[in-house]
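Participant: I'll drop the sequence and a predicted model, then ask my questions.
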Amino acid sequence: MCDDPDVADDDIAGAVPCIRCSRDALLNLAGRCADCIGDMRLRNVEEHAAWRAELAELVRSGELAGA
Ligand SMILES: [Zn+2]
C-alpha cells in the first residue's frame, strides 16, 4: 500500500484513488470507494461478491486490519 513508487506520500494524505471510478476517496476498501461499493451492491451483485472476497483476502493476509 505505502510502497507504491508511483504515489508520493504527500499526495495521498489518506485519500486513495478508487480503482473502479478513479476518484480520490477517503473511504477506500480493497481499492473501491464507498460510492462504487454502494453501486456494486445495488446494481452489480456479482462484482460486489468478488469485491467482498477480495476484501476478505486482504484482511486475512493482514494487509487490511480491522475491517
Ligand atoms: Zn469508485
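Facilitator: Arrived safely. Numbers count the residues shown, from 1 in each chain.
Participant: only C-alpha atoms from now on, for both contacts and neighbour counts.
Facilitator: Fine.
Participant: what residues does the chain put near the ion?
Facilitator: C18, R20, C21, C33, C36 (C-alpha under 5 Å from the ion).
Participant: let's see it at 8 Å
Facilitator: 17-23, 25, 32-37 (C-alpha under 8 Å from the ion).
Participant: the residue nearest to the spatial centre of the chain: what's it in contact with?
Facilitator: Centroid check for the chain by C-alpha atoms, centre = their mean gives G31 as the closest residue, at 2.1 Å. Applying C-alpha atoms under 8 Å, 6 or more residues apart in numbering, one finds that G31 lies in contact with V16, P17, C18, I19, R20.
Participant: report the buried members of the residues you listed.
Facilitator: With burial judged by 16 or more other C-alpha atoms under 10 Å, the buried subset of the contacts of G31 is V16, P17, C18.
Participant: which neighbouring elements make contact with the longest helix along the chain?
Facilitator: Using DSSP state H to define each element, the chain has its longest helix at helix 45-61. In terms of contacts (3 or more C-alpha pairs under 8 Å, 6 or more residues apart in numbering; DSSP states H and E), helix 45-61 is packed against helix 34-43.
Participant: packing partners for the helix it packs on?
Facilitator: Helices and strands touching helix 34-43, by 3+ C-alpha pairs under 8 Å, 6+ apart, are helix 45-61.
Participant: just want the angle from the helix it packs on to helix 34-43.
Facilitator: Angle, helix 45-61 to helix 34-43, by axes from the mean of the first three to the mean of the last three C-alpha atoms, to 10 degrees: 130 degrees.
Participant: now do the buried residues in helix 45-61.
Facilitator: If you call a residue buried by 16+ other C-alpha under 10 Å, then helix 45-61 has these buried ones: H48, W51, L55, L58.
Participant: CA atoms of it as CSV?
Facilitator: The C-alpha trace of helix 45-61 is given here as CSV (Å, rounded to 0.1, in the frame of the first residue of the first chain):
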residue,chain,number,x,y,z
VAL,A,45,-24.2,-8.2,-7.3
GLU,A,46,-21.5,-10.4,-8.9
GLU,A,47,-18.9,-7.7,-8.8
HIS,A,48,-19.9,-6.9,-5.2
ALA,A,49,-19.4,-10.6,-4.3
ALA,A,50,-16.0,-10.6,-6.0
TRP,A,51,-15.0,-7.4,-4.1
ARG,A,52,-16.1,-8.9,-0.8
ALA,A,53,-13.9,-11.9,-1.5
GLU,A,54,-11.0,-9.6,-2.3
LEU,A,55,-11.6,-7.6,0.9
ALA,A,56,-11.7,-10.8,3.0
GLU,A,57,-8.4,-11.9,1.4
LEU,A,58,-6.8,-8.6,2.3
VAL,A,59,-8.0,-8.9,5.9
ARG,A,60,-6.7,-12.5,6.1
SER,A,61,-3.3,-11.5,4.7
